[in-house]
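Colleague: Everything below, folded, please.
(chains A, B, C and D)
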Number of protein chains: 4
Amino acid sequence: MPGYNHLFIPGPTNVPEKVRMAMNVSMQDMRAPDFPELTKPLFEKVAKVFRNTTGRVFLYPSSGTGAWESAIQNTLKPGDKVLMSRFGQFSHLWADMAARLGLDVDLIECEWGEGVPVEKYAEKLKADTGHEYKAVFATHNETATGVTSDIKGVRDALDAAGHPALLMVDGVSSIGSIAFDQDAWGVDCAVSGSQKGFMLPAGLGILSVSGKALEANKDAGFGRCFFAWADQIANNDNGYFPYTPATQLLRGLDVSCDMLLEEGLENIWARHNRLATGVRKAVEAWGLRVCAADPKWYSDTVSAIVVPEEHDARHVIARAYEQYNTSLGTGLAKVMGKVFRIGHLGWMNEGMVTTAVSVAEMSMIDVGFKIEPGTGIGATIRHFTDTASQSAAKAA
Amino acid sequence: MPGYNHLFIPGPTNVPEKVRMAMNVSMQDMRAPDFPELTKPLFEKVAKVFRNTTGRVFLYPSSGTGAWESAIQNTLKPGDKVLMSRFGQFSHLWADMAARLGLDVDLIECEWGEGVPVEKYAEKLKADTGHEYKAVFATHNETATGVTSDIKGVRDALDAAGHPALLMVDGVSSIGSIAFDQDAWGVDCAVSGSQKGFMLPAGLGILSVSGKALEANKDAGFGRCFFAWADQIANNDNGYFPYTPATQLLRGLDVSCDMLLEEGLENIWARHNRLATGVRKAVEAWGLRVCAADPKWYSDTVSAIVVPEEHDARHVIARAYEQYNTSLGTGLAKVMGKVFRIGHLGWMNEGMVTTAVSVAEMSMIDVGFKIEPGTGIGATIRHFTDTASQSAAKAA
Amino acid sequence: MPGYNHLFIPGPTNVPEKVRMAMNVSMQDMRAPDFPELTKPLFEKVAKVFRNTTGRVFLYPSSGTGAWESAIQNTLKPGDKVLMSRFGQFSHLWADMAARLGLDVDLIECEWGEGVPVEKYAEKLKADTGHEYKAVFATHNETATGVTSDIKGVRDALDAAGHPALLMVDGVSSIGSIAFDQDAWGVDCAVSGSQKGFMLPAGLGILSVSGKALEANKDAGFGRCFFAWADQIANNDNGYFPYTPATQLLRGLDVSCDMLLEEGLENIWARHNRLATGVRKAVEAWGLRVCAADPKWYSDTVSAIVVPEEHDARHVIARAYEQYNTSLGTGLAKVMGKVFRIGHLGWMNEGMVTTAVSVAEMSMIDVGFKIEPGTGIGATIRHFTDTASQSAAKAA
Amino acid sequence: MPGYNHLFIPGPTNVPEKVRMAMNVSMQDMRAPDFPELTKPLFEKVAKVFRNTTGRVFLYPSSGTGAWESAIQNTLKPGDKVLMSRFGQFSHLWADMAARLGLDVDLIECEWGEGVPVEKYAEKLKADTGHEYKAVFATHNETATGVTSDIKGVRDALDAAGHPALLMVDGVSSIGSIAFDQDAWGVDCAVSGSQKGFMLPAGLGILSVSGKALEANKDAGFGRCFFAWADQIANNDNGYFPYTPATQLLRGLDVSCDMLLEEGLENIWARHNRLATGVRKAVEAWGLRVCAADPKWYSDTVSAIVVPEEHDARHVIARAYEQYNTSLGTGLAKVMGKVFRIGHLGWMNEGMVTTAVSVAEMSMIDVGFKIEPGTGIGATIRHFTDTASQSAAKAA
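Modeller: Residues are numbered from 1 along each chain as shown, chains lettered A, B, ... in the order given. Sure, this is the predicted structure:
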């Protein structure tokens, strides 16, 4: 099909030109004496993106799912009791993994569209005076429903209860895009992947762990090897890896971290809020709603848009793909057919968002939604022009 | 700046991924025995895009300007009388070149916004019973004003007068995008470049010439070397070039021609019309007008949008670039500050056009135009949804 | 440093231009309806490279190490008795993994430089009438010492004993380069990675399993998730993956498999033998020897060259890297300082091998080896010219 | 064919990875306000490579041939008398161009293998008391024969005669590789292209002109447009171009100039001498000779190797290409079949030269030359090890 494919899924996200250039490399020896000149500063840059100054980061040729598994295997033991909550496909999958790996999962079921039930966590933690919970899990940004949870709130609940459990956070679709502060929030394992806020192709699992997590690692009881922290640490400290790393992606990561740090994390978060609000204004103007049940849970990285009962969201997605060469995110599991998703994270700007909103609008009209052309995108444009920086031209 | 740069100038245009891949090559020997396996079919493919079956094409490491010069140098003599018309910056520049190269230019001045004055050409040709005009020049698509001229009409004028003059056409911003038929229209030299409808980076001048032009070449009287057809022909016939060709671009051209021919020229023309109409609908909805003075001259590759007198179009362009990372075309020469241009040619689809229109709308609002958010882009969306192909989903 | 870096490590290997082009892509939706058009044929192509017609392949964003782990986790249970042998760093690491994952490893120690002790395997298997061994492990090509083992021999030993144990083979540095036949040899799990014979950057663990292994999977007893076959199968059957795959590498793998199958596996094996023999001729001419203790164990993918006692092989490697911009493989663990390695696998031809041999020769001379310039490379050249295909020119 | 294609023609040369990365770009607006941030420093960097502080450089989407034409058109008039010499295909072609453009060429014929006849130039210039010669032309490095001429000597001849003629130098295959000093040697027009010492793909003609040449431009009498300096100057001064520039190549040029200046011109010249001497040592050891008739004319960028009368050099070249995937340079015109050429310029190091020499040796043996394997390459290796920098290891 002619013209660019427009990519508005919540990952893989659009890869910046500079990153793409950096990955256009011939291979190199990952045991060369100057290889650490790349890797040592890289570990530091990645840690900065997580705001992690107490621990360290691990870079696996893997995915976010692999980093989830690494976090569990390296800090817990089979049979350990953990507190989790489920309110979407990705919180579901992590809970499923925990159970399959042999953890004793106390799983709080929530409506899809809600976030981490901080109050219930607080109650349970307060009640757990014997400190049976070894870890508390929280999905920072549930990618399936576009819900961002209050990780700071979970930390506060732990602190209020004086509870020593580890805090494990899935930040795959949040870190590098929306506010995240590993140090301030006391996150022990923060999981991410290359293909979201880090603006790279898929292929890296990125795990940032606290000093406390490193301490917990000593007693962890899973047979493990590929994801073993000890093997990584022994090699990473010298700038190397226990097995062949994905150097092409590391080259890209080096550049993408530079870009993130140069733009500034707060600026990135503000940008994502502005762009996401632009999308939500359109949703409202279309007379629709996002899946997130409360504004406090609105995600600035992905919006899951609920279609009216008489429609099937898959038709919208198919139309966008086939007619407009645009990839929207599908509804997963429970919300399949009920929502379509617009990913607005990573290497994203207003012009790209106007495509996303316009194509969504056209696709909905095409498949029979009663929408007046221009209403949704008009609201988006109004938001962008209302909040745009003052230009000299305008001032003059 | 975060996010893609959105490129809506009338060239260089957006390079398709496949073409970009094809140019990501190491160098090769342009005298290798298998080099003609690339070049021989390539000459044929390029000729197909021009619909030229009587003559041949030349591929210069150069630009459209170079191909203009090649056309003149290789078919005419200093002092030859030629008929030209001027109605924009590019028709101006070609006329300027003709004069500087020593041709005796009979130049018809038109308003900027008009096209080739076919009737005046017809009169003059009829009157030229001595056949003093050796060539008639026509700018098919005046990129500065967004005006497409009637080349078939010029051919008809020549035929009606029984005039043997060569027909020289600047198709830099038309060929490969909108209707062009070298054989049917009897075009003797059709000039193009790599960075427009051919969807490549700049760097190639592409010239397609008729059998009649090749005949005229024998008596051409310019001292010439770099652009000399004879040198090209002697080498091209064997699949080689008289000096080092730009092989990286030739690799890209091979793929881009395949893409053009696979999509089908008529389909491409229809796509450009649909996209361009989407832009013009927005212009109308904004209460503005395009520079082209009559619908018959509307260009489907570029729209020059006239701003109200109280505004400076450069502010719109600057705003788009600085705030929205979007490149719009500036007004050139006479129309500087009076128009901004949206290039909608080449590797372009609806989603891209919605960005162009949305960013133009936002930029105009930002610099003080009285425009209701959503009006222009709403009209664009209405056009696209009205004319979109029926989807299974919709039908169902 | 000026000029190309010359890469002669046994992986990552040199990436072909076509593969590199294919990876120069923007991102895409791994849930798009047409994504299976890439993946379904890809699974088949990869299986062809393994010569696996009874089972299936798994493609993990991972590494060969991850594929090792996947093989164990998905076919065995903690406490299962397995037969292994150790004769180099990679056979060591796999044995180490097996033990750490909780297998009961019966480990036969061999000299580094020897291969799988087929006779001892045969004895032990014959003696194991109770079929306590659940699996037999064999490192096909020990990358650390340049030793290729007789996998067919291991299969014969199993068959002779009528033993039902699974046959697990590490083919990371052999498959796609030297003779391997999963069907004929009855290999149940064949492990590989992207960065060797598959000629890609590191980042994929590739695992090819037999029907028998799939059967064994049903009773496997490891808690597992990231590497779980069941999750892969459920998704792969539809052309998708249970988590975000490394699409950039899959695009590359698609092209590299095409290249392997087009050249023909037997032709590739013959090419590797010819190139490797060229290297070994040089080693002999230098008065040195390779680490492989017997010609039957010579590896056609990597040669580990033993330096005289008075020298440190690391000096040779450092010299090659610093002075000649050439990456040779270092000696690992036990053989550190005692060998340097030349990887001659993958996208390799005679011209590249002459660089490897010449640079090794220059580096050895530079650091004080008594070698007459031209002796080693002369022997290489003699071998290549003696075995080169007849050219028309020569014949004439 | 498997393995890299080895490129040892005297251009296009091998493109460095960093340059290749830099060209892997999407298109951009060449009229953007920040475009001069690229171009203005770029003009300065290019001038530094020429050592031109008095004039300016021009960057044409073109080739070296185009830059030749630009130099003539912009400084001379038809009928102007010029002094030239011919001793190879490229000095022939420039003389041919001069004649075809209408200059009155006083052409000194030399043997192919000789260089600019400085003494004859001196005589003629001294005799030309009326200063009829408007320009003196010299091919710095005759690519066809591997001959480097004494440009400083030509300047001295001009000075000794007190002659005001312009000094025009073809430095296409010398500049950026071997000693060249435009200021010190008083070169008025120095011609180059992108695809040799500048280490880029073909596609740019690079012309560096002195202040005196700019002065001469005012009276130049050729009708010209594409190559007109005035149009370039008017735009370049603001960082722009009179027509669409080849931005992809400009991006690459920016990086390649950085690399040249970082390595240091003197270091580059020394490197080329060391590599070229390595090749010539092989030629001598083979019992052959280079085309250059005297050591003072040996070119450090390309060696043309004369084959014995009973052999046809084309067989060597064909063999290298077909059997060893290696591109050697063919003999052009008069020396076709008599020489094959090894280009050893640009992004080149010892490892690459060993491939060139080894493949040449193998190819000659294959087609029936009586050469002992290892003799030529042995001499090359001896030279490299004799002249290699002292390594710590060796010193120790």
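
Colleague: between the helix or strand hosting A:Ala379 and helix B:375-387, what angle do the directions make?
Modeller: For A:Ala379, the host element (DSSP states H and E) is helix A:375-387. Angle, helix A:375-387 to helix B:375-387, by axes from the mean of the first three to the mean of the last three CA atoms, to 10 degrees: 160 degrees.

Colleague: How about residues contacting helix A:375-387?
Modeller: A:274, A:277-279, A:281-286, A:350, A:353-354, A:357-358, A:360-361, B:354, B:358, B:361-362, B:365-366, B:372-375, B:377-378, B:381 (CB atoms under 8 Å, 6 or more residues apart in numbering or on different chains). Bear in mind the C-beta positions are built from the backbone N, C-alpha and C, glycine included.

Colleague: From those, list the buried ones, please.
Modeller: With neighbours counted using 16 or more other CB atoms under 10 Å in any protein chain shown, the contacts of helix A:375-387 contain these buried positions: A:274, A:277-279, A:281-283, A:285-286, A:350, A:353-354, A:357-358, A:360-361, B:354, B:358, B:361-362, B:365-366, B:373-375, B:377-378, B:381.

Colleague: can you list the residues of chain A near chain D?
Modeller: Within chain A, the positions near chain D by CB under 8 Å from any CB of the partner chain are A:17, A:20-22, A:24-26.

Colleague: Just the closest of the residues you listed to B:Leu332, please.
Modeller: For those, the closest approach to B:Leu332 (CB to CB) belongs to A:Glu17, at 27.4 Å.

Colleague: can I assume the closest one is in contact with D:Met27?
Modeller: No - between A:Glu17 and D:Met27 there is no contact under CB atoms under 8 Å: 10.7 Å.

Colleague: So which of those two has more stuff around it?
Modeller: D:Met27 (24 against 16; other CB atoms under 10 Å in any protein chain shown).

Colleague: name the element the residue nearest to the more buried one when sequence neighbours are not counted belongs to?
Modeller: Leaving aside its chain neighbours, D:Met27 sits nearest to B:Pro12 (4.0 Å; criterion: CB to CB, 6 or more residues apart in numbering or on different chains). Assigned by DSSP H and E, B:Pro12 falls within no helix or strand.

Colleague: which residues does B:Pro12 contact?
Modeller: Per CB under 8 Å, 6+ apart, neighbours of B:Pro12: B:195-196, B:201-202, D:27-30, D:244, D:247.

Colleague: can we see that at 10 Å?
Modeller: Contacts for B:Pro12 (CB atoms under 10 Å, 6 or more residues apart in numbering or on different chains) come out as B:193-196, B:199-203, B:327, B:343, B:346, D:26-30, D:244-248.

Colleague: Can you check the pLDDT for the residue of the stretch 201-350 of chain A found nearest chain B?
Modeller: Closest to chain B within the stretch 201-350 of chain A is A:Asn349: 2.8 Å, counting by CB to the nearest CB. On pLDDT, A:Asn349 comes in at 98.

Colleague: Can you pull the phi and psi angles for it?
Modeller: phi -140, psi -180 (degrees, to the nearest 10).

Colleague: Could I get the full set of helices for the stretch 151-300 of chain A?
Modeller: A:151-160, A:182-185, A:211-217, A:229-236, A:247-263, A:265-285 (DSSP state H, counting those that start in this stretch).

Colleague: can I get these in JSON lines with mean pLDDT and distance to A:Arg51?
Modeller: Output for these, formatted as JSON lines (pLDDT from 0 to 100; distance: least, CB to CB, whole Å):
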{"stretch": "helix A:151-160", "mean pLDDT": "98", "distance to A:Arg51": "12"}
{"stretch": "helix A:182-185", "mean pLDDT": "98", "distance to A:Arg51": "5"}
{"stretch": "helix A:211-217", "mean pLDDT": "98", "distance to A:Arg51": "14"}
{"stretch": "helix A:229-236", "mean pLDDT": "97", "distance to A:Arg51": "19"}
{"stretch": "helix A:247-263", "mean pLDDT": "98", "distance to A:Arg51": "11"}
{"stretch": "helix A:265-285", "mean pLDDT": "98", "distance to A:Arg51": "8"}
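
Colleague: now for these, which one comes closest to B:Cys257?
Modeller: Closest among the helices of the stretch 151-300 of chain A, using CB to CB: helix A:247-263, at 30.9 Å.

Colleague: Please spell out which residues along that closest one are buried.
Modeller: A:247-260.

Colleague: Quickly check: that helix near chain C or not.
Modeller: Yes - residues of helix A:247-263 are located near chain C by CB under 10 Å from any CB of the partner chain, namely A:247-252.

Colleague: For the helices of the stretch 151-300 of chain A, give me JSON lines that also has distance to chain B.
Modeller: Below are these laid out as JSON lines (distance: least, CB to the nearest CB, whole Å):
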{"stretch": "helix A:151-160", "distance to chain B": "24"}
{"stretch": "helix A:182-185", "distance to chain B": "23"}
{"stretch": "helix A:211-217", "distance to chain B": "32"}
{"stretch": "helix A:229-236", "distance to chain B": "30"}
{"stretch": "helix A:247-263", "distance to chain B": "6"}
{"stretch": "helix A:265-285", "distance to chain B": "6"}
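
Colleague: count of neighbours near A:Gly221?
Modeller: A:Gly221: 13 neighbours (other CB under 10 Å).

Colleague: and the nearest residue to it once chain neighbours are set aside, how many neighbours does it have?
Modeller: Leaving aside its sequence neighbours, A:Gly221 sits nearest to A:Lys77 (CB to CB, 6+ apart; 3.3 Å). The local packing of A:Lys77 (other CB under 10 Å) involves 14 other residues.

Colleague: about what we covered before: quick one: which of the residues of helix A:247-263 next to chain C is nearest D:Ala99?
Modeller: Nearest member of the residues of helix A:247-263 next to chain C to D:Ala99, counting by CB to CB, is A:Arg251, at 52.3 Å.

Colleague: quick one, strands of chain A?
Modeller: Listed in chain order, the strands of chain A (DSSP state E) span residues A:6-8, A:56-61, A:81-86, A:104-109, A:133-139, A:141-142, A:147-148, A:166-170, A:189-193, A:204-209, A:289-290, A:302-306, A:326-328, A:339-343.

Colleague: what angle sits between the longest one and strand A:189-193?
Modeller: Our comparison of strand A:133-139 with strand A:189-193, counting by the same axes, to 10 degrees, yields an angle of 30 degrees.

Colleague: among the strands of chain A, which is the most enclosed?
Modeller: Ranked by mean neighbour count under mean count of other CB atoms under 10 Å in any protein chain shown, the strands of chain A are led by strand A:141-142, which reaches a mean of 32.

Colleague: what's the average pLDDT for stretch A:172-181?
Modeller: 98.

Colleague: roughly how far out does that stretch sit from the chain middle?
Modeller: In terms of CA atoms, centre = their mean, to the nearest Å, the centre of stretch A:172-181 is set 6 Å apart from its chain centre.

Colleague: do it and chain C meet at all?
Modeller: Yes - shown here: stretch A:172-181 in contact with chain C (CB under 10 Å from any CB) through A:Val172.

Colleague: Run through the residues that contact A:Ile108.
Modeller: Contacts of A:Ile108 (CB under 10 Å, 6+ apart): A:83-87, A:91, A:95, A:116-117, A:120-121, A:124.

Colleague: how many other residues sit next to A:Trp332?
Modeller: For the record, residue A:332 is Leu, not Trp. Counted with other CB under 10 Å, A:Leu332 comes out at 20.

Colleague: quick one: low-confidence ranges for chain A?
Modeller: A:390-396 (pLDDT under 70).

Colleague: mind giving me the domain split of it?
Modeller: Structural domains assigned to chain A are A:6-12+A:264-387, A:17-262, following automatic domain parsing.

Colleague: Quickly note the distance from whatever residue of the stretch 101-250 of chain A ends up closest to chain D to A:Leu38.
Modeller: Residue of the stretch 101-250 of chain A nearest chain D, by CB to the nearest CB: A:Gln248 (12.0 Å). Applying CB to CB, to the nearest Å, the value for A:Gln248 to A:Leu38 is 12 Å.
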